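Trainee: give me the fold of what follows.
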Amino acid sequence: MNPSGVTTDSLVAGIAPGNVVPMNGKLRKVRERKGLTQVALCKRAKLTQGYLSLLESGEKTAPSIAVMKRLAKALGVPVAELL
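Mentor: Numbering: from 1, shown residues only. Just a heads-up that it's a prediction; the model follows:
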């Protein structure tokens, strides 16, 4: 639950698994704030480093909600913090 009392699940309610969620560039900032390398985050989130690099560079801008949930869990933050 975030400070406004909204749960992560309610933030993504209505978005079916496999659908995409736009990103606005926060992923790299959150990863660096948490002190993680791309390699470390990829291992935690079970993603390839190439895919994470595309997300962070903005070349890939809309990962699936399933990927967003894995990233958020690996970073220890709500999904909303990555949006």
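
Trainee: what about Ala74, helix or strand, and which?
Mentor: helix 65-75 (DSSP states H and E).

Trainee: export that helix as PDB, just CAs?
Mentor: This file holds the C-alpha atoms of helix 65-75, laid out as PDB (Å, rounded to 0.1, in the frame of the first residue of the first chain):
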ATOM      1  CA  ILE A  65       2.300  -5.500 -16.200                       C
ATOM      2  CA  ALA A  66       3.900  -8.900 -15.300                       C
ATOM      3  CA  VAL A  67       7.400  -7.500 -15.900                       C
ATOM      4  CA  MET A  68       6.500  -4.300 -14.000                       C
ATOM      5  CA  LYS A  69       5.400  -6.400 -11.000                       C
ATOM      6  CA  ARG A  70       8.600  -8.400 -11.100                       C
ATOM      7  CA  LEU A  71      10.700  -5.300 -11.300                       C
ATOM      8  CA  ALA A  72       8.800  -3.600  -8.400                       C
ATOM      9  CA  LYS A  73       9.200  -6.700  -6.200                       C
ATOM     10  CA  ALA A  74      12.900  -7.000  -7.000                       C
ATOM     11  CA  LEU A  75      13.400  -3.400  -6.100                       C
END
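
Trainee: and that helix, what does it pack against?
Mentor: Here helix 65-75 touches helix 26-33, helix 38-45, going by 3 or more C-beta pairs under 8 Å, 6 or more residues apart in numbering; DSSP states H and E. All C-beta spots, glycine's among them, are computed from the backbone N, C-alpha and C.

Trainee: turn those into JSON lines, columns for distance to Lys60.
Mentor: Shown next, in JSON lines, are the helices and strands packed on helix 65-75 (distance: least, C-beta to C-beta, whole Å):
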{"stretch": "helix 26-33", "distance to Lys60": "10"}
{"stretch": "helix 38-45", "distance to Lys60": "14"}
